[in-house]
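Student: sequence first, predicted coordinates after that:
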Amino acid sequence: MIGGGIFVASGLAIEQAGPWAVLSFALATVLALMTGRTYAMLSMKYPYAGGSYAFVRASLPHSLSEGFGKLLLFGYLAAISLYSATFGIYLSQFINLDYRILGTFLVIMMSSLNIIGVKENSRVLNILVALKVAILIVIALAAIWLINPANFHFTSGILSAIPPISFIFIGFQGFEIIANAVEESTDKDDVVKAIYLSILSVASIYLLLVTILIGVFGSNLLHEEHALFDLAVESLGTLGGVLITLSAIISTSSAANGAIFGSSRVLYSMSLNNSSYRGLSYLHPKRGTPILAILVVSSLSLLLLWLLPLKTVASIPSIVFLLSFLLVNVVGYREGSKFSIVPTVIITAFVAFSEIRSLVLTLGIFTLLILIEATKEER
């Protein structure tokens, strides 16, 4: 879960809200916990592969749920393509190759890990997470001595903390992937614990780093798009730049791994309920992984990586996952969690105020997919 939420969103949030960005991250954490509560409840009630898609399919109309499943799958594919491209861009600073070649290597490696098995994949993922957290903590400890209390100067009102919440919230998207593991988990309670623990642990690191960023630079960041890089260089010099780049490479690797895991489980779940691609429900006889679904999502994501411009791909996942969170909270409310109405209303506002072209494109695709499914039903 530690990815774009801190490598990009921290600087952008400070640029928009100044020191109030700390409050922005805190409120985004609360919203993530509220939505995580809905996911935890539904994971126990519907312990099936597919996560968000499985929850929506269990409660909402068939044409809407199947259209949503395809949209969610497309969002995952775009995310894998985006993560692998970003990985390639960072790694190309050390290896002189086209970023798409390096991104292809990442997708092949992470797909192989997903095929090997959940336990083996988790071990590697835990190592990656430990490495990137260790790097971020080293940078934080080195930079803490550079904090100037005078930089916590509020030049805007508290309401400036509200706009950044939407893109910070997307940085917590990883807990949605955890719900996909419930069918393969021997203890369903572990999934619930993992959802809450992931949100709280990530939030603590986000809050620590954004506080230090403000303390060191104030509201006048050198480059808001890569504020953490500037912090690392300011505190550790060239070594800091190398470390933060390495951390970004590790973060995009783990993010791609999680997106491949999530998308393959969505496709596997869809294949169980749709005869058009029933063969994709095949599980490896020993490892129990949906090997064909993993290979398909990996191949399709590579097509996006090589065929679509990076800016086009980058605009898709955020709105798709906001819609996913919105629909799952609606399901939670319908299933008896009255508390889910709160994140439903908030996320609806986020969707409404999203970048207009991306919103229109995503909603247009979603509507078309629903109409196609409705037409199939009439036949």
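Tutor: That came through fine. Numbers count the residues shown, from 1 in each chain.
Student: how long is stretch 221-234 end to end?
Tutor: This stretch, stretch 221-234, spans 12 Å end to end (CA to CA, to the nearest Å).
Student: next one: stretch 81-101
Tutor: End-to-end distance (CA to CA), stretch 81-101: 12 Å.
Student: contact partners of it?
Tutor: Residues outside stretch 81-101 that contact it (CB atoms under 8 Å, 6 or more residues apart in numbering) are 3, 102-104, 106-107, 245, 248-249, 252-253, 255-256, 259, 301-302, 304-306, 308, 310, 313-314, 317. Every residue, glycine included, has its C-beta placed from N, CA and C.
Student: show me what contacts residue 149?
Tutor: Applying CB under 8 Å, 6+ apart, the residues contacting residue 149 are residue 215.
Student: I'd like to know how far it sits from residue 228.
Tutor: Distance of residue 149 to residue 228, computed by CB to CB, to the nearest Å: 21 Å.
Student: look up phi and psi at residue 237.
Tutor: With angles defined as degrees, to the nearest 10, residue 237 sits at phi 70, psi -140.
Student: with residue 172 instead?
Tutor: phi -90, psi 10.
Student: which residue packs closest to it, ignoring adjacent ones?
Tutor: residue 32 (4.0 Å; CB to CB, 6 or more residues apart in numbering).
Student: so for the helix or strand that the one you found is a member of, what gets flagged as buried?
Tutor: Using DSSP states H and E, the element containing residue 32 is helix 21-45. Within helix 21-45, the residues that count as buried by 16 or more other CB atoms under 10 Å are 21-43.
Student: just give me how far it sits from the chain centre.
Tutor: 13 Å (CA atoms, centre = their mean, to the nearest Å).
Student: who's in contact with residue 269?
Tutor: 48-50, 53-54, 57, 69.
Student: again with residue 367
Tutor: So residue 367 contacts nothing (CB under 8 Å, 6+ apart).
Student: can you check residue 330 too?
Tutor: 60, 340, 344.
Student: for the first one, give its distance to residue 334.
Tutor: When you say that, I think you mean residue 60. 8 Å.
Student: which one's more surrounded, the two?
Tutor: Legend: neighbour count by other CB atoms under 10 Å for residue 60 and residue 334, higher for residue 60 (15 against 12).
Student: what distance do you get for that one to residue 48?
Tutor: 15 Å.
Student: among the contacts of residue 269, which has the minimum pLDDT value?
Tutor: Within the set of these, pLDDT is lowest for residue 49 (81).
Student: for burial, what's the neighbour tally of residue 335?
Tutor: Around residue 335 there are 16 residues (other CB under 10 Å).
Student: please disregard the earlier target; I meant residue 287.
Tutor: Neighbour number of residue 287 under other CB under 10 Å is 14.
Student: with the one 5 residues further on instead?
Tutor: Residue 292 sits with 20 neighbouring residues when counted by other CB under 10 Å.
Student: hey, which helix or strand in this protein has the poorest pLDDT?
Tutor: helix 4-7 (a mean of 62; mean pLDDT, DSSP states H and E).
Student: after it, next one along is what?
Tutor: helix 9-17.
Student: can you tell me which residues contact residue 217?
Tutor: 14, 151, 227, 230-231, 234.
Student: just put those residues in CSV and tack on distance to residue 115, pLDDT and secondary structure.
Tutor: Output for those, formatted as CSV (distance: CB to CB, whole Å; pLDDT from 0 to 100; DSSP: H, G, I helix; E, B strand; the rest coil):
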residue, distance to residue 115, pLDDT, secondary structure
14, 41, 88, helix
151, 48, 91, helix
227, 37, 84, helix
230, 39, 89, helix
231, 38, 90, helix
234, 42, 91, helix
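Student: with adjacent residues omitted, what lies nearest to the most centrally placed residue in the chain?
Tutor: For the chain, residue 173 is the residue whose C-alpha lies nearest the centre (CA atoms, centre = their mean; 3.6 Å). Among residues not flanking residue 173 along the chain, residue 321 sits closest, at 5.2 Å (CB to CB, 6+ apart).
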